[in-house]
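1. structure for this input, please:
(one chain, ligands or ions: 2)
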Amino acid sequence: MIKLEPGSVIGILGGGQLGRMLAMAAAQLGYHTHIYCPDEKNPAEQVTNRLSRSSYTDEVALIRFAKVVDVVTYEFENIPVETVELLNQHVPTFPSAQVLQVSQDRLHEKNFLNKIGVETAPYAAVMTEGEAVEALKIITYPAVLKTRRFGYDGKGQAIVKSPEELSAAWAMLNSSDIIIEGFIPFDMEISVLAARGQDGEIKCFDPAENIHKNHILDLSIAPARIAPHLRAQAVGIACHIVAELEYVGVLAVEFFVSSSDPVFRVNEIAPRVHNSGHWSIEACPTSQFEQHIRAICGLPLGDTSLYGRAEMKNLIGDDILDVALYLKDPDANFHHYGKTHARPGRKMGHVTRILPTVGTNKKSI
Ligand SMILES: Nc1ncnc2c1ncn2[C@@H]1O[C@H](COP(=O)(O)OP(=O)(O)O)[C@@H](O)[C@H]1O
Ligand SMILES: [Mg+2]
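-> Numbering: from 1, shown residues only. Ligands and ions are numbered 1, 2, ... in the order given. Model (predicted):
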């Protein structure tokens, strides 16, 4: 186990808003950060002590980076596994390369989850349209076709409702690495942010209810409006996953919740802090970002209880232009990610509101 003293340097692969908020949490705990990111003008570079602007495959730059940091972590999962393996030869790296390998590929992810007894949608990996036709005889329609790797915000997926729709969906995805999932008619989507320390200590945040618009997270509400015993069950599944992975850091588990059996199916896991946990910055004594930093630095995990009901609204594209409105609202905790161009669909910031009472709202499963 490594325990880092204040003043140590945390290396973060990736310079998006997650890296930015991780760097801010690290600073609060007395650490320095060094962002490694190929992109120009990334949100994290505004708040970090040091920056390496290099590619994830530049071995010389990676080794130079490894030699000047005390621990390495990452803020998105599409970093080559070899990059994390190389860094780990020189410096402790959390979460591990094996975890990255599992979560980067939807097939490996589902195989792992089912192996440890966690329910998912029924699924099959296919390489050709002919194989898809055969697999769909078992999975049945409607189904969701997804590329196994690199999908996000609904990109790289297509719903097929009937055999007639298959060819167009297959052509659109234009890939031979496809997973077909049965369509789950869920009542709600929730996520649990789970943290595991190097010593095996596990702490989860309350499940959040997630509402998407145009395949992008729009609103997260914590706690999710499901019965307390169901919340505890979802937390139990998330704890099981991080324990089985021997995970270190914060991991997000996305669930489909149904009123009929099985109530919970895991949709996907993300080996990092997650958009659906941003409310924890104001709504909990320890934010998901601080918790991740605590875990990778060998500090005890912090308290994750909620001060009240929290709602986090994403500010997408031009939403960010309403900044004056949010600044006037005494309940709005406003976050701007420092991005200059408000392209449609781009996450520009978020607003969190805390309502003092828990569980008074109507919708409930
Ligand atoms: N098998 C499924 N059944 C029903 N809805 C699904 C299924 N898979 C994905 N979806 C819907 O699409 C969204 C995005 O899919 P997801 O697998 O989470 O990919 P992404 O990496 O884009 O987040 C989910 O949050 C859910 O609303
Ligand atoms: Mg998702």
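
2. ranges for the helices of the protein?
-> With helices called from DSSP state H, the chain shows them at 17-28, 59-68, 81-88, 97-104, 106-115, 129-139, 166-173, 228-245, 280-283, 288-297, 323-328.

3. which of these is buried the deepest?
-> Comparing these by mean neighbour count (mean count of other Cβ atoms under 10 Å), helix 288-297 comes out on top with a mean of 27. Using the backbone N, CA and C atoms, a C-beta is placed for each residue, glycine as well.

4. where's it relative to the chain centroid, distance-wise?
-> Put simply, helix 288-297 sits 14 Å off its chain's centre (Cα atoms, centre = their mean, to the nearest Å).

5. which helices and strands sit right next to it?
-> With contacts defined as 3 or more Cβ pairs under 8 Å, 6 or more residues apart in numbering; DSSP states H and E, helix 288-297 has these neighbours: strand 9-13, helix 17-28, strand 71-74, strand 188-196, strand 249-257, helix 280-283.

6. now the ones you listed as TSV including mean pLDDT and distance to residue 58?
-> Output for these, formatted as TSV (pLDDT from 0 to 100; distance: least, Cβ to Cβ, whole Å):
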stretch	mean pLDDT	distance to residue 58
strand 9-13	98	12
helix 17-28	98	18
strand 71-74	98	15
strand 188-196	98	31
strand 249-257	98	24
helix 280-283	98	33
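
7. make TSV from those and add distance to residue 347 to it.
-> Output for the helices and strands packed on helix 288-297, formatted as TSV (distance: least, Cβ to Cβ, whole Å):
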stretch	distance to residue 347
strand 9-13	18
helix 17-28	6
strand 71-74	18
strand 188-196	16
strand 249-257	15
helix 280-283	15
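
8. out of these, which is closest to residue 274?
-> Using Cβ to Cβ as the criterion, the shortest distance between residue 274 and those is 3.4 Å, found for strand 249-257.

9. and the closest one, which strands flank it?
-> Here strand 249-257 is paired, per DSSP bridges, with strand 188-196 (antiparallel), strand 264-270 (antiparallel).

10. and the angle for the first one with helix 228-245?
-> Right, strand 188-196. Comparing the axes of strand 188-196 and helix 228-245 via axes from the mean of the first three to the mean of the last three Cα atoms, to 10 degrees yields an angle of 50 degrees.

11. quick one, strand 188-196 and helix 288-297 angle?
-> Using the same axes, to 10 degrees: strand 188-196 against helix 288-297 is 30 degrees.

12. next, the buried residues of strand 188-196.
-> Across strand 188-196, burial judged by 16 or more other Cβ atoms under 10 Å covers 188-196.

13. near ligand 1 too, which of those residues?
-> The overlap between these and the neighbours of ligand 1 (Cβ under 6 Å from any ligand atom) comes to residue 189.

14. what's the closest of the buried residues of strand 188-196 to residue 253?
-> Nearest member of those to residue 253, counting by Cβ to Cβ, is residue 192, at 4.9 Å.

15. returning to that earlier point: reformat the strands paired with strand 249-257 as CSV; add distance to residue 336.
-> Below are the strands paired with strand 249-257 laid out as CSV (distance: least, Cβ to Cβ, whole Å):
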stretch, distance to residue 336
strand 188-196, 22
strand 264-270, 23
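
16. got the domain boundaries for this protein?
-> 9-93, 122-182, 188-355 (automatic domain parsing).

17. figure out which of these is closest to residue 107.
-> domain 122-182 (4.7 Å).

18. and the closest one, is it in reach of ligand 1?
-> Yes: counting by Cβ under 6 Å from any ligand atom, ligand 1 has neighbours in domain 122-182: 144, 151-154, 181.

19. so of these, which ones are in strands?
-> 144, 181 (DSSP state E).

20. what residues does this protein have near ligand 1?
-> Going by Cβ under 6 Å from any ligand atom, the residues of the chain near ligand 1 are 121, 144, 151-154, 181, 183-184, 189, 212, 215, 254, 267-268.
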